[in-house]
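>>> no sequence on this one, just coordinates:
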């Protein structure tokens, strides 16, 4: 039973198909199209009484997803100059002619996730320069060679490698790919061919040979997967019950998460340093949902610890006991106590030892604003230096409050990244590139900790749930997301989650930063999401790219008509990021939109937003 | 059973482009990317621009989840490379405002501004046009910038050659209004579809290069052109030398592809002589023959040189004569005696003065001196200062150099003072090999480059100079050209020594061109590094120094001794 179809399909589709079905299909992703193809073939076969009797599909089950796409051959092409692409196309044509169900995918559009599901894969890849893969395959290569690459016991593969033997590392990329797949547990269906400039000499016999092998293999796979179209659960996303299970780390007993990646996201021309952090959750049992936050317990910057020791002239090596715990003073200052942020109790303790008139005045109710500004600019060492006093180690410890964990919006969806958690961290400090102050850098504790963390080590973390910032349960609902700067982090998680769960509602993101060229966080991912139609609209506000400053609220106002329409249509509205200026400006813009496009009075615009909030459709995660 | 191969994808893009409009307007307006939609990256070439990216930081930005640092190069259409001081000043402003702070003089006598961001591209092109410089057809599958000799001695002849180059450029210009609509906001004229009487709807199969040379100088490398004209001059009744006609040469071209033996550099054939009045008719006939018979299935095989090589010179001559209605006479005699520029001050006809400056790789930028080093030349500011006081014109030479032309004797001291002040007098001190070398742009902006060229030229010349000095050859003329890939922008296959990029820090070494652009060099060593290049040249220089005949150039010596073999 290897006949693909019992009848010849007509050359042109019927009018019904042309006018009604094709417009619907046009927007589907290739995985959907493959599913649909298999589904339709099954239907046709059933109706025609084909050799394999598929169960009749009732209306109730017609929409049930199929477990796996029908067994098929994927031809993965990684091409720089077009030679590999041509060979890939020859291979595809030959495979199709041989009756195989085959598709061709470019390496740039291919992910490890797809690979993990693949059964039969032919790779055509060339080698560039010093043994490198083509540009389009670099990302895939990095992933494949990383420790996160999945085991591939289900996979049969063969590699056609192209190169130029006048280069020292002839065909190295194909060789690496071939050996890596083998190392990941895949089975080599056919030996690799390393083609020189006379490509066809080896490529032609290789194509014939590997297709022969695939035909043998394919028949077997095909029988194994022609299964009823209904009731499939294999490979379905994990259930809610699984989500809820498992022990959780907490603030008190954080989990030491392995650091998988610390990657700067801002370009070299940027005035800001923003980092993307990826952590492995391993067997921690930690679970999170999009909208949750990641708690990080940092170690304070060395510069800040030294500044405290210098200002107090205390020896960092001396042992000190507090609350029954004995540690060297420097360790207390590094990992246990708050020294990058100044608290009022610390200043009161300082005043007690020092009794300075100036400090007394600063602590007076009238100086509240001045004190607040000064505290924002300063670290503990600055006050210790400005108001010198005699300190002993025990008193100093007593004056400092415990080091608090820092919370960052989670930037990943587990449905997309598996047992990992990602977040986005902006480096805080007047030692940052924009404001160099090498003599006395004042770094933010956790952002500096993340930015300088090595990829080998681990980082103490926990999950902080945030039920007030959740995606709509109803996946058909549209969402509008306003996330300038690192406020975009949870929306990366949202878009990932909605893509993985197949939510049909539209996703609209408004992002802003200083410059398009250097500060467009996750630019490549948003571009890919737009292409894949998992992000439906992206409005951008880059404040420094033109004479006038443009922020997200301006884009929101400019799109006011659509914003109103979306909200009237039931969309949720999310805001994440700066609480002092951005969030109020966005709120004001929403009121303006209500007045302008909803013809609301001042009061009813306020009521409208209040109602949206009460319905849980206007959600903010601002800080 | 021979199958007709499919047309190359670019042919489809051209066909669907509605005369080069494509979706350029939408691409320019897309705020999510600094790039254009893929098909538009082909179409924008016809508008005189290439999409590029800073390859030095491509990998870094990929890791940063940022797209490549895209920017655009804009190339001017500037027949014969002649520009006014006002145009020079306008281009300098744009280089600072939108570009990377430099102008680049190309080997085809055009200006390039690099590093223009997509959001500034329209403003840049509009401002150029306001200064009466356009970029129509400066790139793309059309007739590119028309070259002409820059000879400063024969001012009247140069003026004639310039006029013919401008005539030919105008005659072979695409007719579409797309450029004016997209960049200059000219209104669409309803109901009047574009017609391309010369090009047709799909333009040419590939780029097309034309140049006019005035012997005895072959500065335009006329045998590298698809369409070349060797000016034949006679003295008229008033004893003034004038161009009376041209020898037509066709089918030259440099571009090759590594690893594809079906591609090759080719010298143009001399087809015959015709009267100067027929210049445009002959040019159009050559162009339309290639339009109709060029290979549109394989862009690596689409240049005129392959059409002629495969169909024969006699067939081609017949097509040209039939299409133009002009019968070609036997070629008139001509002789080339040099290919370089005449550096320094020269006096031409009419007692007007001309100053030719050496501009390494054609790059006009203010250099910054390294700490402890003497002041570096400030080309952009210096030439800007000269443009402010200059009343004549500028000529870009085909060797990437610059002629400050048509200067009154009284104005020389003022220009000399600026040349000294800004350090622009390297022509007076540089050795011949450094004065005559060419390099294409290559990394970091050219997407085709496989190795460095412009940035590597100074360092390579240092290493070469060391070796030449060891053999007492440092003052001999020697033509050295470096390109980052085998497409041949700096006409490498006509050099005595050429480095053709193969991979980072690796080049093919070609030897044996003559000094006059009349003989192609050949591959001597493949895919080697600088130490290997120097090690290969060193024993050759030793033998050359000992064995050469009087006046024999290195390339001729290599050839005479059969040190390079036919492939």
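Yes, it's here. Keep in mind that this is a model prediction, so the values were computed, not measured.
>>> use CA for all of it now, contacts and neighbours both
OK.
>>> tell me where the model's unsure across the chain.
Looking at chain A here, since you left the chain open. Where chain A drops to pLDDT under 70, the residues are A:1-71, A:218-249, A:430-440.
>>> oops, chain B please
For chain B, the ranges with pLDDT under 70 are B:1-2, B:190-192.
>>> tell me the residues on it that lie near chain A, please.
Counting by C-alpha under 8 Å from any C-alpha of the partner chain, chain B comes close to chain A at B:31-33, B:61, B:63-67, B:69, B:259-260, B:503-504, B:526-527.
>>> please flag which of the residues you listed sit within strands.
In strands, judged by DSSP state E, the following of the residues of chain B next to chain A are found: B:503, B:526, B:527.
>>> check contacts around residue 173.
I went with chain A, as the question did not name one. Contact analysis of residue A:173 by C-alpha atoms under 8 Å, 6 or more residues apart in numbering or on different chains lists A:125, A:126, A:127, A:131, A:132, A:133, A:161.
>>> I was after chain B.
Residue B:173 makes contacts with B:136, B:137, B:143, as judged by C-alpha under 8 Å, 6+ apart.
>>> now render the residues you listed as TSV, adding secondary structure.
Shown next, in TSV, are the contacts of residue B:173 (DSSP: H, G, I helix; E, B strand; the rest coil):
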residue	secondary structure
B:136	coil
B:137	coil
B:143	strand
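>>> helices and strands around the helix or strand residue A:567 falls within, which ones?
Using DSSP states H and E, residue A:567 sits within helix A:560-568. The contact analysis (3 or more C-alpha pairs under 8 Å, 6 or more residues apart in numbering or on different chains; DSSP states H and E) places helix A:560-568 against helix A:582-598.
>>> so which elements touch the helix it packs on?
helix A:552-558, helix A:560-568, strand A:572-577, helix A:602-614.
>>> highest average neighbour count across these?
For the helices and strands packed on helix A:582-598, the largest average neighbour count (mean count of other C-alpha atoms under 10 Å in any protein chain shown) is found in strand A:572-577, namely a mean of 23.
>>> and the angle from it to helix A:602-614?
In terms of direction (axes from the mean of the first three to the mean of the last three C-alpha atoms, to 10 degrees), strand A:572-577 departs from helix A:602-614 by 90 degrees.
>>> tell me the angle of strand A:572-577 relative to helix A:582-598?
150 degrees.
>>> got the contact list for strand A:572-577?
So strand A:572-577 is contacted by A:469, A:472, A:477-488, A:490, A:567, A:583, A:616-623 (C-alpha under 8 Å, 6+ apart).
>>> go again using 6 Å as the cut-off
For strand A:572-577, contacts defined as C-alpha atoms under 6 Å, 6 or more residues apart in numbering or on different chains pick out A:479, A:480, A:481, A:482, A:483, A:487, A:617, A:618, A:619, A:620, A:621, A:622.
>>> now the buried members of those residues.
The neighbour count (16 or more other C-alpha atoms under 10 Å in any protein chain shown) marks A:479, A:480, A:481, A:482, A:483, A:487, A:617, A:618, A:619, A:620, A:621 as buried among the contacts of strand A:572-577.
>>> in three-state terms, label the last one for me.
With three-state DSSP as the basis, residue A:621 sits in strand.
>>> contact partners for it?
residue A:576.
>>> same thing with the second one?
Applying C-alpha under 6 Å, 6+ apart, one finds that residue A:480 lies in contact with A:508, A:509, A:573.
>>> how about the first one, secondary structure?
Yep, that's residue A:508 we're talking about. Classification of residue A:508 using three-state DSSP returns strand.
>>> so residue B:167 is in which element?
Secondary structure assignment for residue B:167, by DSSP H and E: helix B:155-171.
>>> how about residue A:161?
strand A:156-162.
>>> what about the ones in strands among the residues of chain B next to chain A, which one has the most neighbours?
residue B:503 (21 neighbours; other C-alpha atoms under 10 Å in any protein chain shown).
>>> was I right about that one contacting residue B:451?
Yes. Residue B:503 is within contact range of residue B:451, at 5.2 Å (criterion: C-alpha atoms under 6 Å).
>>> distance of the residue in the stretch 201-350 of chain A positioned nearest to chain B relative to residue A:277?
Among the residues of the stretch 201-350 of chain A, residue A:265 lies nearest to chain B; the distance is 4.3 Å by C-alpha to the nearest C-alpha. Distance of residue A:265 to residue A:277, computed by C-alpha to C-alpha, to the nearest Å: 10 Å.
>>> got it, and residue B:152?
Distance of residue B:152 to residue A:277, given as C-alpha to C-alpha: 63 Å.
>>> what of residue A:163?
Relative to residue A:277, residue A:163 is positioned 36 Å away (C-alpha to C-alpha).
>>> higher neighbour count, those two?
residue A:163 (26 against 23).
>>> thinking again about what came up before, ok, so of the residues of chain B next to chain A, who is nearest residue A:529?
Nearest to residue A:529 among those, counting by C-alpha to C-alpha, is residue B:32 at 11.6 Å.
>>> the residue of chain B found nearest chain A: what's it in contact with?
Among the residues of chain B, residue B:64 lies closest to chain A, at 4.3 Å counting by C-alpha to the nearest C-alpha. Counting by C-alpha under 6 Å, 6+ apart, residue B:64 touches A:264, A:265.
>>> run the last query once more with 7 Å
By C-alpha atoms under 7 Å, 6 or more residues apart in numbering or on different chains, the residues touching residue B:64 are A:263, A:264, A:265, A:266, A:267.
>>> now the buried members of the residues you listed.
Buried by 16+ other C-alpha under 10 Å: A:263, A:264, A:265, A:266, A:267, out of those.
>>> present those as CSV; the columns should include secondary structure.
What follows is the buried ones among the contacts of residue B:64, written out as CSV (three-state DSSP):
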residue, secondary structure
A:263, strand
A:264, strand
A:265, coil
A:266, coil
A:267, coil
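>>> what does the helix holding residue B:167 contact?
Contacts to helix B:155-171, defined as C-alpha under 7 Å, 6+ apart, come from residues B:79-80, B:146-148, B:150-151, B:212, B:241-243, B:280, B:348-349.
>>> what's the answer for stretch B:316-333, then?
For stretch B:316-333, the surrounding residues in contact (C-alpha under 7 Å, 6+ apart) are B:247, B:271, B:272, B:273, B:274, B:281, B:282, B:285, B:286, B:289, B:308.
>>> ends of that stretch, what's the gap?
Rule used - C-alpha to C-alpha; the end-to-end distance of stretch B:316-333 is 22 Å.
>>> how about stretch B:146-165?
End-to-end distance of stretch B:146-165 (C-alpha to C-alpha): 6 Å.
>>> same check, this time on stretch A:102-116
End to end - C-alpha to C-alpha - stretch A:102-116 spans 17 Å.
>>> quick one: the helices in the stretch 301-450 of chain B, in order.
B:304-311, B:313-324, B:379-389, B:412-422, B:426-429, B:432-436 (DSSP state H, counting those that start in this stretch).
>>> show me what the longest helix seen in chain A is packed up against.
Looking across chain A with DSSP state H, the single longest helix is helix A:199-225. Secondary-structure packing of helix A:199-225 (3 or more C-alpha pairs under 7 Å, 6 or more residues apart in numbering or on different chains; DSSP states H and E): strand A:187-195.
>>> near chain B, which residues of chain A are found?
Chain A has residues A:129, A:166, A:197, A:263, A:264, A:265, A:266, A:267, A:522, A:523, A:524 near chain B, with proximity defined as C-alpha under 7 Å from any C-alpha of the partner chain.
>>> what distance do you get for the residue nearest to the spatial centre of chain A to chain B?
Taking C-alpha atoms, centre = their mean, the centroid of chain A lies closest to residue A:412, which sits 4.4 Å from it. Separation of residue A:412 from chain B (C-alpha to the nearest C-alpha, to the nearest Å): 15 Å.
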